[in-house]
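**Q** got a predicted structure here, sequence first:
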Amino acid sequence: MRVPRVRLAPRPRRRDRRLLAWLAILGPGLVAANAGNDAGGIATYASVGARYGYDLLWVMLLITVSLVCVQEMAARMGAVTGKGFAELVREEYGVRWSTLVMITITVANFGICVSDFVGIGAALDLFGVPRVLSIPVAAGLILLLLLRGSYAVAERVFVLMTIPFFAYPVAAVLGHPGVAAVGHGLFVPQIHASSAYLLLVVATAGTTITPYMQLYLQSAVVDRGAGVDQLPEQRAEAAVGAVFANIVACFIMVAAAATLATHGMHSIGSAADAARALEPFAGRYAEVLFAVGLLGASLLAAAILPVTTAYVIAETFGFEKGLGHRPRQAPVFVTVVTVFVVGAGAAASIPGLPVIGLLVGVQVLNGVLLPITLVFGWRLARSSTLLGEHRNGPLFDLVAGATVVVTAALSLGLLTVTLVGLVH
C-alpha cells in the first residue's frame with residue numbers, strides 16, 4: 001500500500017521568527033510609554049519646538065535614559081512579584097501611603113483624561129466632525145473595548161493605536177528641517193538664561209515621565225500573566241517602547257521647529273492649534289498627519305487612564321481587578337472604569353471648559369505625585385526581599401537613583417514655578 005506523502009509547511013526563517021517574537025511581546029511597555037504622548041504632551045513638545053526650535057532636542061536624549069530606566073523597573077517588578085505598584089506599596093509601607101498615591105493619581109488622571117477627550121474632539125473637529133458627536137462616540141467605543149473585551153483583545157487594540165504616531169515623522173519631513181541643525185540640537189546643549197526656558201525644560205521632563213505610565217505598565221504586565229520566565233522580553237519591550245515614544249516626541253518638536261519657529265510663530269495654545277498652524281508652511285497633508293497623530297494619542301491615553309486608575313484603586317483596597325472582568329467578578333474595577341470614562345467625556349463636552357486652568361492644576365498634582373512614585377519605585381526595585389536576584393544591580397541602582405533624584409528635582413521645580421505663577 002502506497003503511503004501518501006505529507007507536505008510539511010516550510011519552517012519560518014530565523015529572521016521571520018525573530019520578527020514574530022518581537023510582535024508577540026509588543027504590549028504594555030509600548031502602550032504605556034506612548035500613552036504619555038497625549039494631547040498635553042503633544043502641546044508641550046510643539047510649544048518647545050515653536051519657541052526654541054531645535055535647542056531642546058538634547059534634553060530629550062537625557063530624558064530618554066531616565067524613561068527607559070523607570071519603565072524597566074516597573075516592568076521588572078510586575079513580572080517578578082506578580083503584583084501592581086499600589087499593592088506593593090500597601091504591603092510594604094502601609095495603607096496610608098497607598099491611599100495617598102491612590103487619591104492623587106485619581107484626581108490627576110481624571111484631569112488628564114478630560115484633556116484627552118478634549119483632544120479627541122479637537123482632532124476630529126479638524127476633519128469637520130462636531131465635538132457633540134465625536135466625544136460621546138469615542139467614550140462609547142472606549143467603554144465597549146474596556147468592559148466587553150478580554151485583556152488580550154484590549155492590548156492588541158492599544159498597540160494598534162500606536163500606529164498613528166508614525167504620522168509625526170512624516171509631518172516633520174514635510175516641514176523640510178535642516179539635518180545639520182537637528183544634529184546640532186541633539187548633541188550640542190543649548191541653554192537659555194530665562195525662566196520660560198527653565199519652565200519648558202521642566203515641563204518637557206514632566207510630560208515625558210508621568211506617574212500613570214509606570215503604574216499602568218506594572219499592573220498590565222501582571223494582568224497579561226507575564227512571569228519571571230518572560231522577564232527578558234518584558235524588560236526589552238519596556239525599553240523599546242520608551243525609546244520609540246521619545247523618538248516620536250522629538251519628531252513633534254522638529255515638525256514645529258521647522259515650520260512654526262522658522263516663520264516666527266513662537267506661541268501656540270494647543271495641539272490642535274499646532275496642527276492648524278502647520279498647513280501654511282508644510283501643506284494640508286502636514287496638518288492632516290498632525291491631526292491623525294493627535295487623535296490616536298488622545299484615544300490611547302483616554303483608554304489607558306481609566307484602566308490605570310481602576311488598577312490603583314483595586315490594588316489599594318485588595319479588590320479583584322483586570323480587563324475582561326464582568327461586573328460580578330470585579331465590581332469596583334468595572335465601576336471605576338465606567339465612571340471615569342463617562343465623567344471625563346461629559347466634562348470635556350462642557351462649553352467653555354477652562355482647559356488651560358485644568359492642565360495647570362493637573363501639572364501641580366503630577367508634580368506632587370511623581371517624586372513619591374519614583375522614590376517608592378526605586379526602593380521597591382532595589383529590595384532583595386521582594387525581587388531577590390532580580391533586584392537592581394550596583395551600576396543600575398546608581399543610574400536609577402540618579403534618575404529618581406533628577407526627575408524628582410525637575411518635577412518639584414515645575415511645581416514651584418507653577419505655584420509662583422499662580423500667586424502672581
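**A** Received it, and whenever you're ready, just let me know what you need.

**Q** following element in sequence after the lengthiest helix in the chain, please.
**A** In the chain, with assignment by DSSP state H, the single longest helix is helix 284-317. Downstream of helix 284-317, the next assigned helix or strand under DSSP states H and E is helix 331-348.

**Q** and that following helix with helix 284-317, angle?
**A** 140 degrees (axes from the mean of the first three to the mean of the last three C-alpha atoms, to 10 degrees).

**Q** list the buried residues in the helix or strand encompassing residue 244.
**A** Counting by DSSP H and E, the element that carries residue 244 is helix 231-256. Buried residues in helix 231-256, counting neighbours by 16 or more other C-beta atoms under 10 Å, are found at 231, 233-235, 237-246, 248-256. In short, each C-beta sits where N, CA and C put it, glycine included.

**Q** buried set for the longest helix of the chain?
**A** By neighbour count on 16+ other C-beta under 10 Å, the buried set for helix 284-317 is 286-316.

**Q** with stretch 196-215 instead?
**A** When burial is assessed from 16+ other C-beta under 10 Å, stretch 196-215 yields the following buried residues: 197-198, 200-215.

**Q** tell me the contacts of the nearest residue to residue 158 once chain neighbours are set aside?
**A** In space, and not counting its chain neighbours, residue 158 is closest to residue 31: 4.3 Å by C-beta to C-beta, 6 or more residues apart in numbering. If a contact means C-beta atoms under 8 Å, 6 or more residues apart in numbering, then residue 31 has 155, 158-159, 161-162, 216, 220, 241, 300, 304 as its contacts.

**Q** name the nearest of those relative to residue 110.
**A** Nearest to residue 110, judged by C-beta to C-beta, of those is residue 304 at 13.2 Å.

**Q** for residue 336, see how far away the closest one is.
**A** Applying C-beta to C-beta, to the nearest Å, the value for residue 304 to residue 336 is 14 Å.

**Q** does residue 350 sit in a helix or strand, and which one?
**A** Here residue 350 is covered by no helix or strand, with elements defined by DSSP H and E.

**Q** that one: neighbour count?
**A** When counting by other C-beta atoms under 10 Å, one arrives at 10 neighbours for residue 350.

**Q** could I get the phi/psi values of it?
**A** Dihedral pair for residue 350: phi -70, psi 120, per degrees, to the nearest 10.

**Q** any idea how far it lies from residue 336?
**A** Here the criterion is C-beta to C-beta. By it, residue 350 lies 22 Å from residue 336.

**Q** repeat that for residue 288.
**A** Counting by C-beta to C-beta - residue 288 and residue 336 are separated by 35 Å.

**Q** one more: residue 296?
**A** Residue 296 is 24 Å from residue 336, where distance means C-beta to C-beta.

**Q** do the same with residue 237
**A** From residue 237 to residue 336 the distance is 27 Å (C-beta to C-beta).

**Q** could you list the low-pLDDT ranges of the stretch 1-150 of the chain?
**A** Along the stretch 1-150 of the chain, segments meeting pLDDT under 70 span 1-25.

**Q** would you map the helices across it?
**A** According to DSSP state H, counting those that start in this stretch, the stretch 1-150 of the chain carries its helices in the segments 14-25, 28-35, 39-52, 57-81, 85-93, 95-125, 131-148.

**Q** return the residues in contact with residue 116.
**A** If a contact means C-beta under 8 Å, 6+ apart, then residue 116 has 38-40, 297-299, 301-302, 305, 344 as its contacts.

**Q** again, only this time at 10 Å
**A** When contacts are counted by C-beta atoms under 10 Å, 6 or more residues apart in numbering, residue 116 is found next to 35, 38-41, 138, 294, 297-305, 344, 348.

**Q** kindly report the same for residue 64.
**A** Here residue 64 is in contact with 208, 239, 242-243, 245-247, 249-250 (criterion: C-beta under 10 Å, 6+ apart).

**Q** likewise for residue 70?
**A** Contact partners of residue 70, counting by C-beta under 10 Å, 6+ apart, are 209, 211, 213-214, 217, 238, 242, 370, 373-374, 377-378, 381, 400, 403-404, 407.

**Q** okay, the nearest residue to residue 208 once chain neighbours are set aside and residue 347: tell me how far apart.
**A** Residue nearest to residue 208 in three dimensions, not counting chain neighbours: residue 63, with 5.0 Å by C-beta to C-beta, 6+ apart. When distances are taken as C-beta to C-beta, residue 63 and residue 347 turn out to be 30 Å apart.

**Q** please say which of the two ends up with more neighbours.
**A** It is residue 63, of residue 63 and residue 347, that has more neighbours when counted by other C-beta under 10 Å, with 25 against 18.

**Q** now do the contacts for that one.
**A** With C-beta under 10 Å, 6+ apart, residue 63 has these contacts: 56, 201, 204-209, 242, 246, 249, 403, 406-407, 410.

**Q** mark which of those are part of helices, please.
**A** Among the contacts of residue 63, the members falling in helices (DSSP H) are 201, 204-208, 242, 246, 249, 403, 406-407, 410.
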